[in-house]
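fold the following.
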Amino acid sequence: MAGAEMVRLEDLRTNRALSGRKHLLSILVENRPGVLARVAGLFSRRGFNIDTLAVGPTDDPNISRITLTIDGAVHPIDQVTKQLHKLINVLKIRDMEPEETVAREMALFKVSAAVENRAEIVQFAEIFRAKIVDVSRKALIVEVTGSHDKIEAFESMLRPHGLLEMVRTGEVALARGSD
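Got it, this is the predicted structure:
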């Protein structure tokens, strides 16, 4: 393939292990102005693209959780996590393993819903345990929550009916068990 760039095995290694997976990072930070900008800036300066980003308060109003996903196949993740630890407002970083994590995202879809296809869209919503949160003469807004794959599958079912707009949150995640 002309122009295709080969991926070197060395570029996929982090901590002597093959990465190649999306990394879901949970970062606990002090809830202060500018902290998110410093964290995002660190990734940007290192050439990382943040795929998803969600930020919100925790049970402690002085602490926020930043949950972000990045592609570990492009750059080694270990160096950037070491540099994150050096940021003054960063309290804890966890690279969450998919099998040890419960992760969800939420999406809103505005879909064209003429009389002739409205019943089918409602049926899709029921199958995916989605909620219809707004109804107008020509469109429905549907809310769906679940895994990344569930959101993707729901989008592919709605798209042929005339997807007008959509918005997705970044993933939020917690480790399974008591830790």
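
longest helix anywhere in the chain?
helix 115-127 (DSSP state H).

so which elements touch that helix?
Here helix 115-127 touches strand 131-135, strand 139-146, helix 148-158, going by 3 or more CB pairs under 8 Å, 6 or more residues apart in numbering; DSSP states H and E. Heads up, the C-betas are built off the backbone N, CA and C, glycines and all.

now that helix: average pLDDT?
For helix 115-127, mean pLDDT is 92.

can I get it in PDB, CA atoms only?
Taking C-alpha atoms only, helix 115-127 is exported to PDB below (Å, rounded to 0.1, in the frame of the first residue of the first chain):
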ATOM      1  CA  VAL A 115     -45.500   9.100  11.300                       C
ATOM      2  CA  GLU A 116     -44.400   6.200   9.100                       C
ATOM      3  CA  ASN A 117     -41.100   5.400  10.900                       C
ATOM      4  CA  ARG A 118     -41.900   6.600  14.500                       C
ATOM      5  CA  ALA A 119     -43.100   3.200  15.700                       C
ATOM      6  CA  GLU A 120     -39.800   1.600  14.500                       C
ATOM      7  CA  ILE A 121     -37.700   4.200  16.300                       C
ATOM      8  CA  VAL A 122     -39.800   3.600  19.500                       C
ATOM      9  CA  GLN A 123     -39.200  -0.100  19.200                       C
ATOM     10  CA  PHE A 124     -35.400   0.400  18.800                       C
ATOM     11  CA  ALA A 125     -35.500   2.500  22.000                       C
ATOM     12  CA  GLU A 126     -37.300  -0.300  23.900                       C
ATOM     13  CA  ILE A 127     -34.800  -2.900  22.600                       C
END
